[in-house]
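S.K.: Task: produce atomic coordinates for the following.
(one chain, ligands or ions: 2)
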Amino acid sequence: MKQEPSAKGLFFDLHIHTSAVSRCGMIPPEDVTGLYAAAGYTGIAITDHFFKAYFDSLGDLPWEAKIDRYLEGYRRAKQNSHGLNVYLGMEYRNTCTDDDFLVLGLTEEFFYTHPETYLLPWEKAFDLFHQNDAVVIQAHPCRMRLVQYSNGRLNKDFLGIEMLRYLREHPGVPRIDWNEGMEKFRQGETELFRSPVFLRLCSPRCIDRLDGVEVYNGNQNWMQDPAEVAWLCEEHPELFRISSSDFHAVQHCARGGIELPFVPENDRELASALRSRKIVRLLTSRA
Ligand SMILES: [Zn+2]
Ligand SMILES: [Zn+2]
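M.R.: Ligands and ions are numbered 1, 2, ... in the order given. Predicted structure coming up:
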C-alpha cells in the first residue's frame, strides 16, 4: 500500500546496518524493518559496511558469491519489509583511510559487475558511482571519540551526549588522530590520556566529488564537533545535508533521519530526490 504525505511526514533513515552482513550490526534485517515500521518511518536504506576486510573474511569465494552474501541484509529486509520502502545502499570505505561514505542509487547488478571497488582511490570510485547514477555522501565526516586512561585501561565508553558536553566545557581539549593516538597508547604513553582526549576518526575527504554530508549521526558511540560541521556546511553549501541514525542496535533506532515530500519508488528515484535537494527536514535526537 502506498503511503501518502501526512501531517506526520514521510521519514527515511539512510544509514542502517544489519547483523546479516555488518559484524558490528546487532539486529537481523527482518527485525530492523519491524523496528522502523513501528517507529513510523516510511523507508530505510540498508547500508552495510563495504570494505576490503569484510570481503577478505568471506575467503576464497568467487566475487558473485561474495556479493550474494553482501546483499543478504538488503534482500532479507526487502522481503520482510513490514510495509517499509527498503532501498539498497552501502557504507563504502577504501583502503586509504578509515573514512566512510554512504552510496545510494546503485543497482544490484552494479555490485556484481564491479568487483573490489574498495581498491580504487576515492576519485576513481566516486566517478564510477556517479556514472551509475548514484549519490555519494560522506558519513560522519567530523567523527571523534573521547577517551581517557583510568583504572589501568583506556576508557572509550563515553556516550556521544557526554562527549558533546565535555567539549562545550573544555573547548581546548587536545585532538589527536585516532591511529596516531592508539599507537602512542600501545607504546605506553598513558600519561597523555590521564585527562580526556579527543581522538579523530574521520575528516572531510575528496569534497569536490561529494554530493552530500551527514551532518547529524544519531549513533552514541562517538560525536561530531558541531563547530567543524558548521564550518563544513558554510564552506560547502553545494553539498546537501542528511541526518541518520547509523543504526547498529535497538537503542539507535530512529535517532536520526530525513523527511521527504514524496516516496521515492526505487533507488534511482531516491538518489535523484537527494541530488535535487528535495529533503525538507532533518530529524535529530539529542536524548
Ligand atoms: Zn558498523
Ligand atoms: Zn555506519
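
S.K.: quick one, helices of the stretch 101-250 of the chain?
M.R.: Per DSSP state H, counting those that start in this stretch, the stretch 101-250 of the chain carries helices over the ranges 108-113, 122-131, 160-169, 178-186, 226-235.

S.K.: for the third one, what is the average pLDDT?
M.R.: Helix 160-169 carries an average pLDDT of 94.

S.K.: And the helices of the stretch 101-250 of the chain: which comes nearest ligand 2?
M.R.: helix 160-169 (13.9 Å; Cβ to the ion). C-betas here are computed from N, CA, C, even on glycine.

S.K.: and the gap between residue 213 and residue 29?
M.R.: 27 Å (Cβ to Cβ, to the nearest Å).

S.K.: higher neighbour count, the two?
M.R.: Between residue 213 and residue 29, counted using other Cβ atoms under 10 Å, the more crowded position is residue 29 (28 against 24).

S.K.: residues contacting that one?
M.R.: 18, 19, 20, 46, 72, 73, 74, 75, 76, 77, 80 (Cβ atoms under 8 Å, 6 or more residues apart in numbering).

S.K.: How about the residues of the protein by ligand 2?
M.R.: 91, 246 (Cβ under 5 Å from the ion).

S.K.: Go again with 8 Å.
M.R.: The chain has residues 15, 17, 22, 47, 49, 91, 100, 102, 139-140, 219, 246, 248 near ligand 2, with proximity defined as Cβ under 8 Å from the ion.

S.K.: Now for these: which two are most distant?
M.R.: Spatially, the most separated pair among the residues of the chain next to ligand 2 is 22 and 140, at 15.3 Å (Cβ to Cβ).

S.K.: ok, these two, which is more surrounded?
M.R.: Neighbour totals were compared for residue 22 and residue 140, and residue 140 leads with 24 against 20 (other Cβ under 10 Å).

S.K.: excluding its backbone neighbours, what's nearest that one?
M.R.: Of all residues not flanking residue 140 in the chain, residue 217 sits nearest, at 4.5 Å (Cβ to Cβ, 6 or more residues apart in numbering).

S.K.: Next, count neighbours for that neighbour.
M.R.: 27.

S.K.: Please apply the same query to the one 5 residues further on.
M.R.: Neighbour count of residue 222, defined by other Cβ under 10 Å: 22.

S.K.: so what's it closest to, chain neighbours aside?
M.R.: residue 145 (4.6 Å).

S.K.: Residue 63 too?
M.R.: residue 115 (4.3 Å).

S.K.: So what does the one you found look like in phi/psi?
M.R.: phi -70, psi 150 (degrees, to the nearest 10).

S.K.: related to what we said a few turns ago, how close does the residue nearest to residue 222 sit to residue 207?
M.R.: In terms of Cβ to Cβ, residue 145 sits 23 Å off from residue 207.

S.K.: Wait, residue 140 touches residue 215, no?
M.R.: No - with contact defined as Cβ atoms under 8 Å, residue 140 does not reach residue 215; the gap is 9.3 Å.

S.K.: who touches both of those two?
M.R.: Counting by Cβ under 8 Å, 6+ apart, the residues touching both residue 140 and residue 215 are residue 224.

S.K.: and stretch 237-257, how far from the chain's centre?
M.R.: Relative to its parent chain, stretch 237-257 has a centroid offset of 7 Å by Cα atoms, centre = their mean, to the nearest Å.

S.K.: quick one: average confidence on that stretch?
M.R.: With pLDDT averaged residue by residue, stretch 237-257 scores 96.

S.K.: Restricting to C-alpha, output that stretch in PDB.
M.R.: C-alpha atoms of stretch 237-257 as PDB (Å, rounded to 0.1, in the frame of the first residue of the first chain):
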ATOM      1  CA  PRO A 237      26.900  25.000   0.600                       C
ATOM      2  CA  GLU A 238      26.800  22.900  -2.600                       C
ATOM      3  CA  LEU A 239      26.700  19.700  -0.500                       C
ATOM      4  CA  PHE A 240      23.200  18.500   0.600                       C
ATOM      5  CA  ARG A 241      22.900  17.500   4.200                       C
ATOM      6  CA  ILE A 242      21.500  14.400   5.800                       C
ATOM      7  CA  SER A 243      20.800  13.200   9.300                       C
ATOM      8  CA  SER A 244      20.800   9.500  10.100                       C
ATOM      9  CA  SER A 245      20.700   7.000  13.000                       C
ATOM     10  CA  ASP A 246      23.700   4.900  11.800                       C
ATOM     11  CA  PHE A 247      21.600   2.100  13.200                       C
ATOM     12  CA  HIS A 248      23.500  -0.900  14.700                       C
ATOM     13  CA  ALA A 249      21.400  -1.800  17.700                       C
ATOM     14  CA  VAL A 250      17.900  -1.200  19.100                       C
ATOM     15  CA  GLN A 251      18.900   1.900  21.100                       C
ATOM     16  CA  HIS A 252      19.900   3.600  17.800                       C
ATOM     17  CA  CYS A 253      16.500   3.200  16.200                       C
ATOM     18  CA  ALA A 254      15.000   6.400  14.800                       C
ATOM     19  CA  ARG A 255      17.600   8.700  16.400                       C
ATOM     20  CA  GLY A 256      18.000  10.500  13.000                       C
ATOM     21  CA  GLY A 257      16.600  10.600   9.600                       C
END
